[in-house]
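K.L.:
can't give you the sequence, but here's the structure:
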């Protein structure tokens with residue numbers, strides 16, 4: 001398994017369950033400084049205490065934010081920048097699945113389609129707000145957890161007000177993560193910050209997968225997905241590698257729209273309009 005190493009500071013969003021929790025446990029055992037994010041204060045603080053006790057690693061901190069609220073994301077970024085001296089790796093893992101078949105369309109607190117908001121817009125905003133800290137800590141890495149389940153973004157109906165389907169919403173949000181990865185990697189090409197994304201593993205037995213009836217069949221182990229995430233976060237083989245989509249540890253090709261520069265520009269413009277990443281807190 002790839003070792004992140006002692007004294008490296010790593011933030012992982014969505015860290016209290018499933019894939020995120022497994023990555024956190026591994027990083028803590030490697031004596032990294034681990035910043036957990038979740039949306040349940042009691043659950044998050046309890047988990048942080050348990051990890052400190054079981055790993056013997058005191059450098060475990062927890063921050064709370066509901067990613068359905070962009071204001072909470074801004075507050076989270078501000079707290080981390082105020083508290084942390086460095087950030088070597090940002091792992092954008094938080095997200096929600098498609099939900100049960102036939103579920104009704106839901107809105108975020110800001111009025112956006114919920115899966116697009118939580119899985120993508122929150123990540124876009126948090127990443128931009130943390131770029132100053134990542135620059136100060138360079139060389140640093142951004143790892144975006146996407147999916148092999150992708151669907152092209154319809155820019156005439158990004159919020160899926162017509163013909164809503166939970167699986168479509170989930171897949172669109174995950175392709176948006178890939179477009180964002182490629183676009184940001186281009187912006188940061190002359191810095192020492194790399195940006196990559198991955199499909200960690202297929203149908204891991206996480207709450208996201210277990211709560212939906214869209215999927216069936218065999219599942220990969222959560223350990224497999226966690227190892228792939230850590231590979232992108234720390235492998236010396238990927239030093240300087242940026243703007244790449246991985247399936248597990250292998251380079252792969254996403255849907256064609258990910259390479260469409262016009263689509264990436266449209267998504268960037270829309271994302272900036274909706275999240276206002278440069279606004280003062």
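P.N.:
Ah, there it is. Note that this is a predicted model, so its numbers are computed, not measured.

K.L.:
What's the mean pLDDT across the lengthiest helix in the chain?
P.N.:
For the chain, the helix with the greatest residue count under DSSP state H is helix 166-187. For helix 166-187, the mean pLDDT works out to 97.

K.L.:
distance between it and the chain's centre?
P.N.:
Distance, stretch centre to chain centre, for helix 166-187: 10 Å (CA atoms, centre = their mean, to the nearest Å).

K.L.:
C-terminal to it, what's the next element?
P.N.:
From helix 166-187 onward toward the C-terminus, using DSSP states H and E, the following helix or strand is strand 193-199.

K.L.:
does residue 233 sit in a helix or strand, and which one?
P.N.:
With DSSP H and E as the test, residue 233 turns up in helix 222-234.

K.L.:
quick one: buried residues of that helix?
P.N.:
Neighbour counts over helix 222-234 (16 or more other CB atoms under 10 Å) mark 222, 224-234 as buried. (Glycine included, C-beta is placed from N, CA and C.)

K.L.:
and of those residues, the nearest to residue 90?
P.N.:
Among those, residue 233 lies closest to residue 90 (CB to CB), at 9.2 Å.

K.L.:
separation between residue 131 and residue 151?
P.N.:
The gap separating residue 131 from residue 151 is 28 Å, by CB to CB, to the nearest Å.

K.L.:
For those two, indicate the residue with more neighbours.
P.N.:
residue 131 (21 against 18; other CB atoms under 10 Å).

K.L.:
Which residue comes closest to the more buried one once chain neighbours are left out?
P.N.:
The spatially closest residue to residue 131, leaving aside those adjacent along the chain, is residue 193, at 7.6 Å (CB to CB, 6 or more residues apart in numbering).

K.L.:
what sits against that neighbour?
P.N.:
131, 134-135, 138-142, 242 (CB atoms under 8 Å, 6 or more residues apart in numbering).

K.L.:
Can you flag the buried ones in those residues?
P.N.:
For those, buried by 16+ other CB under 10 Å: 131, 134, 140-142, 242.

K.L.:
quick one: which of the residues you listed is nearest residue 116?
P.N.:
For the buried ones among the contacts of residue 193, the nearest to residue 116 is residue 142 (19.7 Å; CB to CB).

K.L.:
hang on, isn't that closest one packed against residue 198?
P.N.:
No: with contact defined as CB atoms under 8 Å, residue 142 does not reach residue 198; the gap is 11.7 Å.

K.L.:
residues of the helix or strand in which residue 124 is found that come out buried?
P.N.:
Taking DSSP H and E as the definition, one finds residue 124 inside helix 122-136. By neighbour count on 16+ other CB under 10 Å, the buried set for helix 122-136 is 122-131, 133-134.

K.L.:
swap in stretch 87-100?
P.N.:
Those would be 87-99, for stretch 87-100 by 16+ other CB under 10 Å.

K.L.:
those helices in the chain, which residues are they?
P.N.:
According to DSSP H, the helices that the chain contains are 18-29, 41-55, 70-83, 114-116, 122-136, 166-187, 207-210, 222-234, 261-275.

K.L.:
In CSV, list these along with distance to residue 252.
P.N.:
Converted to CSV, those look like this (distance: least, CB to CB, whole Å):
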stretch, distance to residue 252
helix 18-29, 18
helix 41-55, 32
helix 70-83, 29
helix 114-116, 23
helix 122-136, 20
helix 166-187, 10
helix 207-210, 20
helix 222-234, 11
helix 261-275, 18
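
K.L.:
Worst mean pLDDT among these?
P.N.:
helix 207-210 (a mean of 50).

K.L.:
Let me know the pLDDT of residue 103.
P.N.:
pLDDT at residue 103 comes out at 89.

K.L.:
Return the backbone torsion pair for it.
P.N.:
The phi/psi pair for residue 103 (degrees, to the nearest 10) reads phi -60, psi 150.

K.L.:
Packing partners of the longest helix of the chain?
P.N.:
Helices and strands touching helix 166-187, by 3 or more CB pairs under 8 Å, 6 or more residues apart in numbering; DSSP states H and E, are helix 114-116, helix 122-136, strand 140-145, strand 193-199, strand 245-247, helix 261-275.

K.L.:
Contacts made by the first one with the rest, please.
P.N.:
Meaning helix 114-116. 68, 95-96, 98, 105-108, 158-160, 166, 169-170, 172-173, 176.

K.L.:
From residue 71, how far out is the residue nearest to residue 130 when sequence neighbours are not counted?
P.N.:
Among residues not flanking residue 130 along the chain, residue 77 sits closest, at 5.6 Å (CB to CB, 6+ apart). Distance, residue 77 to residue 71, using CB to CB: 11 Å.
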